[in-house]
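Novice: coordinates for the following, if possible.
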Amino acid sequence: MTVARDAQLTECGVIVVGTTPNRIYRDIDSVIGRIHRTYAVASSRPRPAVSAIRQPVIPQSR
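Specialist: Take a look at the predicted model:
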């Protein structure tokens, strides 16, 4: 499901930085470096017309 969501974001012009919890735990400096480099590239482009909407962690009962 994550790959499909990433693909949808990419289709809308969002740059997706892929990583795993294990990678964050093992090599946080590398992950942060990648985020900084990706941000530098993204900041040179126009922003895509997207909005983030927070979803509840626990689905609401009906």
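Novice: contacts for stretch 11-26 next, please.
Specialist: 6, 9-10, 30-31, 34-35, 38, 41-42, 48-50 (C-beta atoms under 8 Å, 6 or more residues apart in numbering). For the C-beta atoms, the positions are set from N, CA and C on the backbone; glycine is no exception.
Novice: can you do 6 Å?
Specialist: 6, 9-10, 31, 35, 38, 42, 48, 50 (C-beta atoms under 6 Å, 6 or more residues apart in numbering).
Novice: please state the offset of that stretch from the chain centre?
Specialist: How far stretch 11-26 lies from its chain's middle: 5 Å, per C-alpha atoms, centre = their mean, to the nearest Å.
Novice: quick one: average confidence on it?
Specialist: The pLDDT scores in stretch 11-26 average 93.
Novice: circling back: by neighbours, which of the contacts of stretch 11-26 wins?
Specialist: Val31 (16 neighbours; other C-beta atoms under 10 Å).
Novice: who's in contact with that one?
Specialist: 19, 24.
Novice: how is it assigned, secondary-structure-wise?
Specialist: Put simply, Val31 is helix when judged by DSSP: H, G, I helix; E, B strand; the rest coil.
Novice: give me the subset of the contacts of stretch 11-26 that lies in strands.
Specialist: Nothing among the contacts of stretch 11-26 maps onto strands, per DSSP state E.
Novice: can I get those in a markdown table with distance to Ile58?
Specialist: A markdown table is the format used below for the contacts of stretch 11-26 (distance: C-beta to C-beta, whole Å):
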| residue | distance to Ile58 |
| --- | --- |
| Asp6 | 24 |
| Leu9 | 24 |
| Thr10 | 28 |
| Val31 | 27 |
| Ile35 | 28 |
| Thr38 | 31 |
| Ala42 | 32 |
| Pro48 | 29 |
| Val50 | 25 |
